[in-house]
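S.K.: build the 3D model from these lines:
(chains A and B)
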Amino acid sequence: MSDGGARTDPTAEPDATRETGDTPPAAEAWEVFRREKDGDPMRHGGSVLAPDAELATHYARELYGRRQESVRLWIVRRADIVDLDDPDLLQPPLDRSFKKPGGYVMRDKLAAAREAAGQPKPKARSS
Amino acid sequence: MSAVSTGLPPATATALETLLRAMADDEFVIGFSDSEWTGIAPQLEEDVAMSSLAQDELGHAAALYGLLGGLTGSDPDELAYDREPADYRHCRLLDHGRGDWAMTIARRYLYDTADAIRLEALAGGSWAPLAELVGKLVREERYHVMHASTWFDRLARGGREPRARLLSALDELGPDAATVFTPLDGEELLLYAGAIAQPMAAIDARWRAHITPTFVAHGLPMPPPAELGEGRTRHGGPFRWLWNEFTAVRREDPVATW
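M.R.: Residues are numbered from 1 along each chain as shown, chains lettered A, B, ... in the order given. Model prediction:
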């Protein structure tokens, strides 16, 4: 039988950091991404609190997978995420409208190109 | 509901019912015991996890009562809820009160590892409905063993208090652990028919071999051989209390529909 790697290797040295003291390890946040079905992108599902990757995996499985709503989970320590929210970089104060595609009428050109290539118009994306 | 024929000799069919009742009652009772943590587990995530495991076990019990009901012509709800406490056939390991978290983890670890080995002995059995169900149960129980092992290891290595609590739980539960493998009436008929691969005593030995490395690694005392007389028939006060809990709503209005 297999019980998924949660077993203790009897030959392993005891982990000194967990051997001493009665203070439980502090829980930290883990972000959980999930794929709903094959072919879908990974989307952020939410987060769990857990002291380490092993329990984070259990909790992600229970909170985001126990109803068969996921085919894959990514469990990422929140502290490992590179966070960028600098308004100077993301929301600069000057007008940036010239970087947006507005003003270019692409519809007729696209339709003509598709017709030339013999491709049907793609369906609207669901998201 | 009328009974379906198994194509087995009557005495073998009766033994099959005994096996199904034992397994179904095990899953039913541990499921209800674990559901006692709903709302009060050590942290929110663990609360969801333990409640989800409890639901899994009740789901397994429902499937097994379904098979049993098919054989005996009885309704699965009646099997689950309408018996007197003395008529349940779960093992004595599951007859201890909820206790603290260490008690629950020790009970889960002992039961889940034993159940996994028992299911192995039933996989590929000659009675197709059970063999088919066991194939599904094995896949779900794999996660149960993972969860129980994670916590068992943590308590064993987590420092003075967690270890002391685990030792005290093993002290209480250990002597009853192997009652999961209490020999069943008519077991030899099931072996002869190929419905189970090994007698309970042999499954007990395989379970001990399986858990020994973990107990040795953690320096924990192995469960002693169980006193198997009445291993599934003598139910004490804690089970009476649980029975009162899980039958309360049903007794209030047995014919209510949901």
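S.K.: C-alpha from now on. contacts and neighbour counts both.
M.R.: Will do.
S.K.: helices or strands up against the longest helix belonging to chain A?
M.R.: With secondary structure taken from DSSP state H, chain A has its longest helix at helix A:53-65. With contacts defined as 3 or more C-alpha pairs under 8 Å, 6 or more residues apart in numbering or on different chains; DSSP states H and E, helix A:53-65 has these neighbours: strand A:28-35, strand A:43-50, strand A:72-77, helix B:44-72, helix B:128-157.
S.K.: contact partners of it?
M.R.: Residues outside helix A:53-65 that contact it (C-alpha atoms under 8 Å, 6 or more residues apart in numbering or on different chains) are A:30, A:32, A:34, A:45, A:47-50, A:70-71, A:73, A:75, A:77, B:45-46, B:48-49, B:52, B:147, B:150.
S.K.: can I get the buried part of those as one PyMOL selection?
M.R.: Under the burial definition 16 or more other C-alpha atoms under 10 Å in any protein chain shown, those of these that qualify are selected in PyMOL by:
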select buried, (chain A and resi 30+32+34+47+48+49+50+70+73+75+77) or (chain B and resi 45+46+48+49+52+147+150)
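S.K.: buried ones in the longest helix of chain A?
M.R.: Buried-residue list, helix A:53-65, by 16+ other C-alpha under 10 Å: A:55-65.
S.K.: kindly report the same for stretch A:69-85.
M.R.: A:70, A:72-77.
S.K.: nearest to chain B, of the residues you listed?
M.R.: Chain B has its nearest neighbour among those in A:Ile75, at 14.3 Å by C-alpha to the nearest C-alpha.
S.K.: point out the residues in chain B that sit beside chain A.
M.R.: Counting by C-alpha under 8 Å from any C-alpha of the partner chain, the residues of chain B close to chain A are B:45-46, B:48-49, B:52, B:116-117, B:120, B:142-143, B:145-147, B:149-150, B:153, B:157-162, B:213-214, B:216-217.
S.K.: about what we covered before: angle of the longest helix of chain A against strand A:28-35?
M.R.: Angle of helix A:53-65 versus strand A:28-35, following axes from the mean of the first three to the mean of the last three C-alpha atoms, to 10 degrees, is 50 degrees.
S.K.: now the angle from helix A:53-65 to helix B:44-72?
M.R.: 60 degrees.
S.K.: how close does the residue nearest the centre of chain A sit to chain B?
M.R.: Centroid-nearest residue in chain A, with C-alpha atoms, centre = their mean: A:Phe33, separated by 3.4 Å. According to C-alpha to the nearest C-alpha, to the nearest Å, A:Phe33 stands 16 Å off from chain B.
S.K.: find the closest residue to chain A in the stretch 51-200 of chain B.
M.R.: B:Gly159 (5.0 Å).
S.K.: next, count neighbours for that residue.
M.R.: By the measure other C-alpha atoms under 10 Å in any protein chain shown, the count of residues near B:Gly159 is 17.
S.K.: ditto for B:Val216
M.R.: 12.
S.K.: ditto for B:Asp87
M.R.: Neighbours around B:Asp87, by other C-alpha under 10 Å: 12.
S.K.: ok, for it, nearest residue in space, not its chain neighbours?
M.R.: B:Thr233 (7.5 Å; C-alpha to C-alpha, 6 or more residues apart in numbering or on different chains).
S.K.: now that neighbour: how far from B:Leu67?
M.R.: 22 Å (C-alpha to C-alpha, to the nearest Å).
S.K.: give me the more crowded residue out of these two.
M.R.: With neighbours defined as other C-alpha under 10 Å, B:Thr233 and B:Leu67 compare such that B:Leu67 has more, 22 against 15.
S.K.: and the pLDDT for the more buried one?
M.R.: If you check B:Leu67, the pLDDT there is 96.
S.K.: for it, what are its contacts?
M.R.: B:20, B:129-130.
S.K.: of those, buried ones?
M.R.: Buried among the contacts of B:Leu67 (16+ other C-alpha under 10 Å): B:20, B:130.
S.K.: for the contacts of B:Leu67, give me JSON lines that also has distance to B:Arg251.
M.R.: Formatted as JSON lines, the contacts of B:Leu67 follow (distance: C-alpha to C-alpha, whole Å):
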{"residue": "B:Leu20", "distance to B:Arg251": "24"}
{"residue": "B:Pro129", "distance to B:Arg251": "31"}
{"residue": "B:Leu130", "distance to B:Arg251": "30"}
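S.K.: look up how far B:Leu53 lies from B:Gly97.
M.R.: 18 Å.
S.K.: which one's more surrounded, these two?
M.R.: Between B:Gly97 and B:Leu53, counting by other C-alpha under 10 Å, B:Leu53 is the more crowded of the two (23 against 15).
S.K.: do you know how far B:Ala148 is from B:Gln43?
M.R.: 16 Å.
S.K.: which of those two has more neighbours?
M.R.: Taking other C-alpha under 10 Å, B:Ala148 and B:Gln43 do not tie; B:Ala148 has more neighbours (24 against 13).
S.K.: list the contacts of that one.
M.R.: B:105, B:108-109, B:112.
S.K.: low-confidence ranges in the chain?
M.R.: No chain in the question, so chain A it is. A:1-24, A:103, A:125-127 (pLDDT under 70).
S.K.: other chain: chain B
M.R.: Those would be B:1-4, if you go by pLDDT under 70 across chain B.
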